[in-house]
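**Q** Could you work out the structure for the sequence below:
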Amino acid sequence: MAQALELAAMAGADGDVPVGAVVMDAAGSVIGEGRNLRELTNDPTAHAEIVAMRQAAASIGSWNLDGCTLVVTLEPCLMCAGTLLQSRVSRVVFGAWDEKAGAVGSVYDVVRDRRLPHRAEVVGGLSQDFAVSLLRDFFDAKR
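**A** Here you go, the predicted structure:
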């Protein structure tokens, strides 16, 4: 989570919502990392999770991230939750809950929906205070 929080701070410094993510393989090695890049790239899909999963897939030479863990500073949205299911990520660990757009337990619980062919384990609230502080400081400065 420490690496994801550092990436989030970098995103915030660049004017993007401070969210960072890493993907670890089954052995715990980081195989992908990302931060929100929407503002820098003008790409609506450049969420930290998507950037990290793309890098992880390129790193291992496969879209299938079964056995991998996605660690992210903010609860994933619907797009990111759908992507982690499509890539077969086994576990998602996040910091801050997203009561407005969260899709892994807050507003929706897409990744544990039994109607879908793949589900992921969810661990929420890791380093929550620091993740929330990054977000709060960023949005307070915008106001």
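**Q** So which elements touch the helix or strand residue 72 falls within?
**A** Residue 72 is part of strand 69-74, with elements assigned from DSSP states H and E. Secondary-structure packing of strand 69-74 (3 or more CB pairs under 8 Å, 6 or more residues apart in numbering; DSSP states H and E): helix 2-13, strand 20-24, helix 48-60, strand 91-96, helix 128-142. To be clear about C-beta, it is placed using only N, CA and C from the backbone, and glycine gets the same treatment.
**Q** hmm, try it at 6 Å
**A** Under the contact criterion of 3 or more CB pairs under 6 Å, 6 or more residues apart in numbering; DSSP states H and E, strand 69-74 touches helix 2-13, strand 20-24, strand 91-96.
**Q** partners of that strand, with directions?
**A** Applying DSSP bridges, strand 69-74 is found paired with strand 20-24 (antiparallel), strand 91-96 (parallel).
**Q** Residue 51 touches residue 34, doesn't it?
**A** Yes - when contacts are counted by CB atoms under 6 Å, residue 51 is listed as touching residue 34 (2.8 Å).
**Q** Any chance of CSV for the strands paired with strand 69-74, columns mean pLDDT?
**A** Converted to CSV, the strands paired with strand 69-74 look like this (pLDDT from 0 to 100):
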stretch, mean pLDDT
strand 20-24, 98
strand 91-96, 98
